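In: structure for this input, please:
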Amino acid sequence: METQSNDIELIKVQVFSNYKVISLNTDGISHEESMIFPNGEANCMNWVLGHLIYIRNAFLNVLGEESVWDNEKFSCYNRGAFPLERKDELVPFEELMSYLRQSQDKLEAKLISMESFNPETVNDIAILSFHENYHSGQLGYLRRILGKPGAIK
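Out: Numbering: from 1, shown residues only. Just a heads-up that it's a prediction; the model follows:
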């Protein structure tokens, strides 16, 4: 049982830390800024944040929770989508921040209530947690590209 509890503690720290990094890196970013595609083609901050939330929904589902949005309606944020071709579907940045907060509240509440992970889900949970780390860092670079000071000191 001790290792299971440690597994949950590790993921709780990851989820909390990622949220802090995402929040710092998106602080003070306007919707207009979030829609800038670096080099005219790289993913914009709006898409990266929306994609993080899209995959967070999968994370919630693996833990037995409901998604914070309808994946079909927000399919422009799915892996493999071409955001530049679907930019009219990207939602206001403030709305994304609201969905991020909702996903965080649900993840934290679920993780606090759990005693152990289903062993069959451990691999998925590890990959989903890594996915968040990866894109959280991208938000830091996108912030710098937009001419903002780095948020992680």
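In: just give me the residue closest to the centre of this protein.
Out: Leu52 (2.8 Å; CA atoms, centre = their mean).
In: I'd guessed that residue sits against Leu100; true?
Out: Yes. If you go by CB atoms under 8 Å, Leu52 and Leu100 touch, sitting 7.5 Å apart. Any C-beta I mention is one placed from the backbone N, CA and C, and that applies to glycine too.
In: list residues touching both of the two?
Out: The contact sets of Leu52 and Leu100 overlap at Ile22 (CB atoms under 8 Å, 6 or more residues apart in numbering).
In: okay, buried residues for the lowest-mean-pLDDT helix or strand in the chain please.
Out: Taking mean pLDDT, DSSP states H and E as the measure, helix 2-26 is the helix or strand of the chain with the lowest mean score, a mean of 87. Within helix 2-26, the residues that count as buried by 16 or more other CB atoms under 10 Å are 7-8, 11, 14-15, 18-19, 21-26.
In: what's the answer for stretch 50-68, then?
Out: For stretch 50-68, a neighbour-count test (16+ other CB under 10 Å) marks 50-60, 62-63, 67-68 as buried.
In: same check on stretch 128-143?
Out: Here stretch 128-143 shows Leu128, Ser129, His131, Glu132, His135, Ser136, Gln138, Leu139, Gly140, Leu142, Arg143 as buried, counting by 16+ other CB under 10 Å.
In: what's the most distant pair in those residues?
Out: Leu128 and Arg143 (23.2 Å; CB to CB).
In: narrow the buried residues of stretch 128-143 to those in helices?
Out: Applying DSSP state H to these, the entries found in helices are Leu128, Ser129, His131, Glu132, His135, Ser136, Gln138, Leu139, Gly140, Leu142, Arg143.
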